[in-house]
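K.L.:
after the sequence you'll find the predicted model.
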Amino acid sequence: MADPTIQTFCCHQPDKADSSVDIMQAFNSNSYSTVCLISSSIGILGAVYQVLPREEPYLSHRWLTQSATRGRQMVVWLAVADLLASLGVFIRSALWLNYRSLMNPDSDSSVLFCAIVSAWIQYFYTATWFWTLCYAIDMRLVLRERPGHPVLYHMCCWIIPAVLTSVGLSILYIPDANCHNLKTLGSAVLHILPNYLATYVPMAVVMIVNPILYCDVAQAVHTAVVCSLAQFTSKERGLVDTVRLKLAFINLAFYACWLPNIINGILLWTLWYNLPTNVIISLWYIMAVMNPLQALFNSMVYRRWTGGSDKVYIPCRKLSGRSALNDAIDDEQVRPPLSTESTPLLETLPSKSTKGNANLSLSLTSSTHQRTVSSINGAM
């Protein structure tokens, strides 16, 4: 889990008992660690599936192949960050289940170990949020046939999370990891609030910005289909609806995984002196399930929704069957004539004198149709 409250539990035990001590005991329970262990295991499997290479789809234009490759590379890096974050949750939960002494709050070595593992998890989950944002930005650029910025994406997705994580946790733990025994409210805010901001601000930005970007992407897809094909039949409508559904599920998956964290943070900061302990603990169990499952949900929503399903293969094994290129060529050879219902503008004119112009119109319109649909298939 990537939650600033849990990171405060790495500090030394408070001198006096309060509601936070009860919550800490629930957090240290075997049942909580077991839930984290199971959900992180599922998340690891989902991330590994997403990282496995796919057979490249056959696209007739070089820029279409490049756009499809761009999107696939970003999804892989998102899965790598998900994998490492889930692995951190898995290791932490497994150690806490089998080596209870590691959770001794009076030991400096235990505090250091807890802080390092928390920083690992926090860093890679923050990286997943930035990769989610960059994917939405790049999809918008792809549909406008603009080049991507892979170097800038990597800088934003790896360096900014490192800065946010290191600054937030350094202020929390330095100098003596004694964040529970701060004397004044002002000192508590100065030590704890920066880590909350470093966690929740990027999360909230993705929740706000991504739906806006995806609404623009959906509109761009609709405009591209209508303007390029000069028609909007059931075939084009189905393509646009599929794209919109994929974008909606991407947003829904992110909200399902991280909205409990936002609610938890709001409750803690507004009701600290009268914490609803049962509600907070219930939220943490929900977070223990949903945060690591982000990797599994991403493997579902970031797959190809148009132009055929993903074909995964194991790198150490030979590709079975024919190549994607041969399959595409064979498909072109046996493709039936275009239906006049779905492509009314591709009908040839009956007049003999305009036969050449009609054939030229047919060729250009068909080429435009394939280019537009392939563009969307490559991006989606």
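P.N.:
Perfect, thanks for sending it. Numbers count the residues shown, from 1 in each chain.

K.L.:
contact partners for Val206?
P.N.:
Shown in contact with Val206 (Cβ atoms under 8 Å, 6 or more residues apart in numbering): 129, 132-133, 254. Bear in mind the C-beta positions are built from the backbone N, C-alpha and C, glycine included.

K.L.:
what do you get for Gln7?
P.N.:
Applying Cβ under 8 Å, 6+ apart, the residues near Gln7 are 115, 118, 122, 169, 172, 195.

K.L.:
output these as CSV; include the columns secondary structure and pLDDT.
P.N.:
Shown next, in CSV, are the contacts of Gln7 (DSSP: H, G, I helix; E, B strand; the rest coil; pLDDT from 0 to 100):
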residue, secondary structure, pLDDT
Ala115, helix, 86
Ser118, helix, 91
Gln122, helix, 95
Leu169, helix, 89
Leu172, helix, 84
Asn195, helix, 90
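
K.L.:
what about these, which one has the most neighbours?
P.N.:
Gln122 (27 neighbours; other Cβ atoms under 10 Å).

K.L.:
tell me if I'm right that it and Thr165 touch.
P.N.:
Yes: when contacts are counted by Cβ atoms under 8 Å, Gln122 is listed as touching Thr165 (5.0 Å).

K.L.:
re earlier: show me the contacts of Val206 that map onto helices.
P.N.:
129, 132-133, 254 (DSSP state H).

K.L.:
and those, which two are furthest apart?
P.N.:
Taking Cβ to Cβ as the measure, the ones in helices among the contacts of Val206 span a maximum distance of 9.9 Å, between Leu133 and Phe254.

K.L.:
more crowded one of those two?
P.N.:
Phe254 (23 against 20).

K.L.:
distance of that one from Asp3?
P.N.:
Applying Cβ to Cβ, to the nearest Å, the value for Phe254 to Asp3 is 16 Å.

K.L.:
same check, this time on Gln219
P.N.:
36 Å.

K.L.:
who has more neighbours, the two?
P.N.:
Neighbour totals were compared for Gln219 and Asp3, and Asp3 leads with 26 against 13 (other Cβ under 10 Å).

K.L.:
what's near enough to touch that one?
P.N.:
199, 261, 264-265, 284, 287.

K.L.:
equivalent analysis for Cys36, please.
P.N.:
By Cβ under 8 Å, 6+ apart, the contact list for Cys36 reads 1, 89-90, 92-93, 288, 292.

K.L.:
narrow those to those in strands?
P.N.:
Using DSSP state E to define strands, no part of the contacts of Cys36 is located there.

K.L.:
so where's the stretch 1-150 of the chain uncertain?
P.N.:
12-28, 55-68, 100-106 (pLDDT under 70).

K.L.:
ranges for the helices of it?
P.N.:
4-8, 19-27, 30-51, 62-98, 108-143, 150-154 (DSSP state H, counting those that start in this stretch).

K.L.:
need the winner for burial among these.
P.N.:
Mean neighbour count (mean count of other Cβ atoms under 10 Å) peaks for helix 4-8 among the helices of the stretch 1-150 of the chain, with a mean of 23.

K.L.:
for that helix, list the C-alpha coordinates in PDB.
P.N.:
Written as PDB, here are the backbone C-alpha positions of helix 4-8 (Å, rounded to 0.1, in the frame of the first residue of the first chain):
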ATOM      1  CA  PRO A   4       1.500   8.100   4.300                       C
ATOM      2  CA  THR A   5      -0.300   7.000   7.500                       C
ATOM      3  CA  ILE A   6       1.300   3.500   7.300                       C
ATOM      4  CA  GLN A   7       4.700   5.200   6.800                       C
ATOM      5  CA  THR A   8       4.300   7.000  10.100                       C
END
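
K.L.:
picking up where we left off before, so which of the helices of the stretch 1-150 of the chain comes closest to Ala188?
P.N.:
Nearest of the helices of the stretch 1-150 of the chain (Cβ to Cβ): helix 4-8, 10.2 Å.

K.L.:
name the residues contacting each of Leu133 and Phe254.
P.N.:
Joint contacts of Leu133 and Phe254 (Cβ under 8 Å, 6+ apart) are 206, 210.

K.L.:
just to revisit the earlier point, what's the closest of the contacts of Gln7 to Met207?
P.N.:
Gln122 (17.8 Å).

K.L.:
residues contacting the closest one?
P.N.:
2, 7, 165, 168-169, 199.

K.L.:
try it again at 7 Å.
P.N.:
By Cβ atoms under 7 Å, 6 or more residues apart in numbering, the residues touching Gln122 are 2, 7, 165, 199.

K.L.:
then Tyr200?
P.N.:
262, 265.

K.L.:
next one, pLDDT for it please.
P.N.:
Tyr200 is assigned a predicted lDDT (pLDDT) of 95.

K.L.:
Val167 too?
P.N.:
93.

K.L.:
settle this for me: it is touching Ala198, isn't it.
P.N.:
Yes: the pair Val167 / Ala198 is scored as a contact, 6.4 Å apart, by Cβ atoms under 7 Å.

K.L.:
who's more crowded, these two?
P.N.:
Neighbours were counted for Val167 and for Ala198 using other Cβ under 10 Å; Ala198 has more, 22 against 14.

K.L.:
what's the spacing between that one and Ala188?
P.N.:
Taking Cβ to Cβ, one finds Ala198 at 17 Å from Ala188.

K.L.:
now the closest residue to Leu133 other than its chain neighbours: which helix or strand?
P.N.:
Spatial nearest neighbour of Leu133, chain neighbours left out: Val206 (5.1 Å); criterion: Cβ to Cβ, 6 or more residues apart in numbering. Per DSSP states H and E: Val206 is located in helix 185-229.

K.L.:
now that helix against helix 108-143, angle please.
P.N.:
20 degrees (axes from the mean of the first three to the mean of the last three Cα atoms, to 10 degrees).

K.L.:
any low-confidence regions in the stretch 251-380 of the chain?
P.N.:
By pLDDT under 70, the low-scoring segments of the stretch 251-380 of the chain are 305-380.

K.L.:
mind running it again at 50?
P.N.:
318-369 (pLDDT under 50).

K.L.:
give me the number of residues near the residue nearest to Met139 when sequence neighbours are not counted?
P.N.:
Residue nearest to Met139 in three dimensions, not counting chain neighbours: Val217, with 5.5 Å by Cβ to Cβ, 6+ apart. By the measure other Cβ under 10 Å, the count of residues near Val217 is 23.
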